[in-house]
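[1] Here you go, sequence then predicted model.
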Amino acid sequence: MRGAEDRAITGGRMVPRGAGAPGAPVGTRPAEAEAGVRRQRRQRRQTGMFALMIAALVIALGFLALLVGFVAARGISVINWEFITQMPRNAMTEGGILPAILGTFYLVVGAMVMATPLGVGSAIFLTEYARQGPVVRAIRIGVNNLAGVPSVVFGLFGLAVFVKMFGFGVSILSGALTLGIVVLPTIIRASEEAILAVPASYREASLALGATKWQTVRYAVLPSAMPGILTGCILGVGRVAGETAPIMFTAATFFTARLPGSIFEEVQALPYHIYALVTEGTHPEAQVPIAFGTALVLLALVLGVDLAAIILRSRYEKTR
């Protein structure tokens, strides 16, 4: 054995003396260096993605703050107690928007009362009872496509079916039913995802204890899925409150001097009130600030309802 070919026998293996410490496997230090380089690359990618997500969040919040600030700056001057509690006067240039606030409340409540049981019930059937196959997949595709249909199409459907065919006329009932159909796909998909996220072990444990299928769904699956279902309902409330096209054909009126006395009467609503003031008003110098004030009230109502629902969901999760 001579010079560079001189080797030491350690642990039963022939190791070059220049390769590292005695007893170290061949290529130990290069492997460690390569692993370190890979860790550094992963850390750099992780840092870059984290920075990208933070930037996206900041941009989204910035646009939201810009929107709210723009509306608030132009509408805050007309907000007062009279504006919230009084009837409109003098061709919608004075007074308040109480009929529009109550009309929006009636429509939202009616739509959610109609859509929530149907949506959650449909989601339960599709996930827990229906045999998974081509028919169920086709139904899900139809629900997803229905969620992307323009709202004006729902308005025309409501006009043809509820207003004309069923004879409800332009009324709270027609508008609430139409808005319920608008929000139904959102509730179905959100409820399905929430139910599918419940671990299968919950169902297996309940059935192993002798519970029926419905008892398992009622006492094991739904309580765990309820936060996700509430999230779908929150999204539904926000969409229903801001829809204009469906109620334009089925429920809303530009002006009324009194509050509705039944569900078969037409109402004012905040989103249509904004549209009418900006596009059909005869005194724009007085009506445009009122439109911005109405928009600010609508934003406050939607955010307030969403905040209340989020608090309710958080309390439900804590007490579950």
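    Looks like it came in fine. Numbering: from 1, shown residues only.
[2] Distance of the most centrally placed residue in the chain relative to residue 189?
    The centre of the chain sits closest to residue 235, judged by CA atoms, centre = their mean, with a distance of 3.4 Å. The gap separating residue 235 from residue 189 is 10 Å, by CB to CB, to the nearest Å. (Each C-beta comes from the backbone N, C-alpha and C, glycine too.)
[3] what does residue 300 give?
    Distance from residue 300 to residue 189, counting by CB to CB: 28 Å.
[4] again with residue 44
    With distances taken as CB to CB, residue 44 is found 37 Å from residue 189.
[5] And for residue 221?
    From residue 221 across to residue 189, the span is 17 Å (CB to CB).
[6] cool, and residue 109?
    From residue 109 to residue 189 the distance is 22 Å (CB to CB).
[7] Residue 311 too?
    Noted for residue 311: a distance of 24 Å to residue 189, by CB to CB.
[8] Counting neighbours, go ahead and name the busier of those two.
    residue 189 (19 against 10; other CB atoms under 10 Å).
[9] Can you tell me the closest non-neighbouring residue to the more buried one?
    residue 143 (6.4 Å; CB to CB, 6 or more residues apart in numbering).
[10] Tell me how many other residues crowd the one you found.
    Around residue 143 there are 19 residues (other CB under 10 Å).
[11] which parts of the one helix or strand it maps to are buried?
    Residue 143 belongs to helix 134-147 when assigned by DSSP states H and E. Neighbour counts over helix 134-147 (16 or more other CB atoms under 10 Å) mark 143, 146 as buried.
[12] again with stretch 267-284
    For stretch 267-284, burial by neighbour count (16+ other CB under 10 Å) applies to 267-278, 281.
[13] all helices for the chain, in order.
    28-75, 81-85, 98-124, 134-147, 151-158, 172-196, 200-208, 213-216, 222-242, 245-250, 270-280, 284-319 (DSSP state H).
[14] Just send those helices back as CSV, with mean pLDDT too.
    Output for the helices of the chain, formatted as CSV (pLDDT from 0 to 100):
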stretch, mean pLDDT
helix 28-75, 86
helix 81-85, 86
helix 98-124, 92
helix 134-147, 88
helix 151-158, 92
helix 172-196, 92
helix 200-208, 89
helix 213-216, 90
helix 222-242, 86
helix 245-250, 90
helix 270-280, 85
helix 284-319, 81
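[15] can those helices go into JSON lines with extra columns for distance to residue 260?
    Compiled in JSON lines, the helices of the chain are given as follows (distance: least, CB to CB, whole Å):
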{"stretch": "helix 28-75", "distance to residue 260": "25"}
{"stretch": "helix 81-85", "distance to residue 260": "17"}
{"stretch": "helix 98-124", "distance to residue 260": "7"}
{"stretch": "helix 134-147", "distance to residue 260": "29"}
{"stretch": "helix 151-158", "distance to residue 260": "18"}
{"stretch": "helix 172-196", "distance to residue 260": "6"}
{"stretch": "helix 200-208", "distance to residue 260": "45"}
{"stretch": "helix 213-216", "distance to residue 260": "39"}
{"stretch": "helix 222-242", "distance to residue 260": "18"}
{"stretch": "helix 245-250", "distance to residue 260": "13"}
{"stretch": "helix 270-280", "distance to residue 260": "14"}
{"stretch": "helix 284-319", "distance to residue 260": "18"}
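[16] Deepest in the core, which of those helices is it.
    helix 245-250 (a mean of 26; mean count of other CB atoms under 10 Å).
[17] Other residues contacting the helix holding residue 143?
    The contact list for helix 134-147 (CB atoms under 8 Å, 6 or more residues apart in numbering) reads 126, 130, 184-186, 188-189, 192.
[18] Tell me how far that helix lies from the chain's centre.
    19 Å (CA atoms, centre = their mean, to the nearest Å).
[19] With stretch 305-320 instead?
    Offset of stretch 305-320 from its chain centre (CA atoms, centre = their mean): 15 Å.
[20] Render the CA-only coordinates of that stretch in CSV, please.
    C-alpha atoms of stretch 305-320 as CSV (Å, rounded to 0.1, in the frame of the first residue of the first chain):
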residue,chain,number,x,y,z
VAL,A,305,-75.1,40.5,10.8
ASP,A,306,-71.9,38.8,9.8
LEU,A,307,-70.2,39.8,13.1
ALA,A,308,-73.1,38.5,15.1
ALA,A,309,-73.1,35.2,13.3
ILE,A,310,-69.3,34.8,13.7
ILE,A,311,-69.7,35.4,17.5
LEU,A,312,-72.5,32.9,17.6
ARG,A,313,-70.4,30.3,15.8
SER,A,314,-67.4,30.9,18.1
ARG,A,315,-69.6,30.5,21.2
TYR,A,316,-71.1,27.3,19.7
GLU,A,317,-67.6,25.9,19.1
LYS,A,318,-66.5,26.7,22.7
THR,A,319,-69.6,25.1,24.3
ARG,A,320,-69.7,22.1,22.0
